[in-house]
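**Q** Fold the following, please.
(2 chains)
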Protein chains: 2
Amino acid sequence: MLNNFYHFFQANGKISMEEMESLKSLYHREEVKKGDFLLREGGHCHHTFFVESGLIRMYAIDGQGKEHIVQFACENWLLSDRSSAYFDESSDYFIDAIEDSVVVMLDKGFVDGIIEVNPSFQRINERLLHNHIRHLQKRIHGLMAETAEERYLEFINLYPDLTLRVPQWMMASYLGVTPESLSRVRRDLAKRNFKSY
Amino acid sequence: MLNNFYHFFQANGKISMEEMESLKSLYHREEVKKGDFLLREGGHCHHTFFVESGLIRMYAIDGQGKEHIVQFACENWLLSDRSSAYFDESSDYFIDAIEDSVVVMLDKGFVDGIIEVNPSFQRINERLLHNHIRHLQKRIHGLMAETAEERYLEFINLYPDLTLRVPQWMMASYLGVTPESLSRVRRDLAKRNFKSY
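**A** So this is what the prediction gives:
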C-alpha cells in the first residue's frame, strides 16, 4: 500500500482514492536499496519521485570529484530534476538512495492526468511550483549570504527528522562547509544553549 | 508606449493588444532612476517587475554588509521575489535599478487576469514557472559545483548584452568570486582564445 502517497494527494489536492486508482497507469511503486541510483549526471530525468518511505538525495559532482548535495527527500517529499524532466535536457545531477526506500515514480503525464480528473489541481500544482521556487530561492540565499551556523539552523528547521538519519559528512556537503566547521557550529550552539538554561 | 511589454505577452502568450488593454488596471508603467529601490529586505514584494528598458538587479546583503547578486534583469526580463509575492512573506532581498529604467509593475492578480481573458495562458504560465525553476537550479549548481571560469562562461551565455553594462565588481558579486579572480579568469580566457586563432 502507498498510504503516504494517497494521503499526500488527498490532503493537498482533495484527490480521492478512486481518482488516484483511475490514474494508476501514470505511476508505479519501486523499491530501491541504499546506494541505488534513480538518476545520473548526463542522463534524462523521466520521473518525479515521491518518497513513500526512506530517504533519497540529489547532488552534483564537481571537476575535482567532490559531491555537493542540493536536496534531501524523506517521507512525503517530492524530488525531481525539473529542468531535465520538463525541458527534456540532460541532467547536471545525480539522485540516489541514502536508505532502503519505497519510491513512487510519477510519469511526465501524471500532473496533467490529475488535472483532467480534477481541474482544481491546476491551482494546487501552481502553488507547489511556487513553493519549490521558494525553497530554491532560500537555498541560493543560504549559499551566498548566510554563515555556517545560519545554514545549519535552516537545515534543522527544514528537515527536523534528518539530523540523526543523515551522516555528518553529507550534512556538511549540503551546507557547503567542511565537516570540521559543522562540528564547530554544533559545539558552539550546544555551549550557548547550555548557558541559557 | 510599452512595446517590449506588449510584444512579450503577444509572443509568449498570444495575448492581443486589446486583451492587454482590457487588463490595464492590473499593471502600470513606472520610471525608476539609477539607484532607486523597488524592494528592500524585510519589506513585501507586491509586484512582479517587467523591464521595458534599462537594467535592475536582485541581491542579498550578508551579516558583514557584503552584497550578493542573485539575478540581473534587463529588457524583456521578469524579476520578482516570488516567495514574498506569492506567500506574502517578508523578503530576504533588495531590488534596485542599475540604470535609469522603465519598469512595468504587475499586480498580484495580473496572471489570473490574463488567464481569465485567455485560458491557454495557464499552460504558458506553468512553463514560465518551470523555466524559472530551471534557472534557479542552474544557479545553485553553479554556486556549489562550478569553477569561476565555468560560472563566467554561463554568465556570458545567459546575459550576452550585460558584460559591458554591468560594473566588474557587480559581475564578481553575481559570480561569487573576488574582482581579482574575475580579472584572472578573463585574462586566462583571452590568452587561450588568442592562441587558438
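**Q** packing partners for the longest helix seen in chain A?
**A** Across chain A, the longest stretch assigned as helix under DSSP state H is helix A:121-145. In terms of contact count using 3 or more C-beta pairs under 8 Å, 6 or more residues apart in numbering or on different chains; DSSP states H and E, helix A:121-145 is assigned the packing partners helix A:3-13, strand A:67-74, helix A:110-117, helix A:148-158, strand B:55-61, strand B:67-74, helix B:82-87, helix B:121-145. C-beta here means a position set from N, CA and C on the backbone, and glycine is covered the same way.
**Q** so which of those gets nearest B:Tyr6?
**A** Among the helices and strands packed on helix A:121-145, the nearest to B:Tyr6 by C-beta to C-beta is helix B:121-145 (14.6 Å).
**Q** how far does that closest one sit from the chain's center?
**A** In terms of C-alpha atoms, centre = their mean, to the nearest Å, the centre of helix B:121-145 is set 12 Å apart from its chain centre.
**Q** quick check: angle from that helix to helix A:121-145?
**A** Direction vectors for helix B:121-145 and helix A:121-145, defined by axes from the mean of the first three to the mean of the last three C-alpha atoms, to 10 degrees, enclose an angle of 20 degrees.
**Q** Beta-bridge partners for the residue positioned nearest the centre of chain A, please?
**A** If you average the C-alpha coordinates of chain A and look for the closest C-alpha using C-alpha atoms, centre = their mean, you land on A:Ala73, 3.3 Å from that point. Beta-bridge partners of A:Ala73, counted by DSSP bridges, are A:Ile56.
**Q** you'd agree it is up against A:Ile56?
**A** Yes - A:Ala73 is within contact range of A:Ile56, at 5.2 Å (criterion: C-beta atoms under 8 Å).
**Q** Overlap in contacts, these two.
**A** For the pair A:Ala73 and A:Ile56, residues contacting each of them under the criterion C-beta atoms under 8 Å, 6 or more residues apart in numbering or on different chains are A:Phe49, A:Leu79.
**Q** And the residue nearest to the centre of chain A, how far from chain B?
**A** As judged by C-beta to the nearest C-beta, to the nearest Å, A:Ala73 and chain B stand 15 Å apart.
**Q** go on, A:Gln10?
**A** A:Gln10 sits 23 Å away from chain B when distances are taken as C-beta to the nearest C-beta.
**Q** For that residue, which non-adjacent residue is closest in space?
**A** Leaving out its chain neighbours, the residue that sits closest to A:Gln10 by C-beta to C-beta, 6 or more residues apart in numbering or on different chains is A:Ser16, at 7.0 Å.
**Q** thought the one you found was touching A:His7?
**A** No - at 11.8 Å, A:Ser16 and A:His7 do not qualify as touching, with contact defined as C-beta under 8 Å.
**Q** follow-up on the earlier one: quick one, what contacts the residue nearest to the centre of chain A?
**A** Under the criterion of C-beta under 8 Å, 6+ apart, the contact list for A:Ala73 reads A:Phe49, A:Val51, A:Leu55, A:Ile56, A:Arg57, A:Met58, A:Leu79.
**Q** likewise A:Lys14?
**A** The neighbours of A:Lys14, taking C-beta under 8 Å, 6+ apart as the test, are A:Asn118, A:Ser120.
**Q** swap in A:Phe37?
**A** A:Phe94, A:Ile95, A:Asp96.
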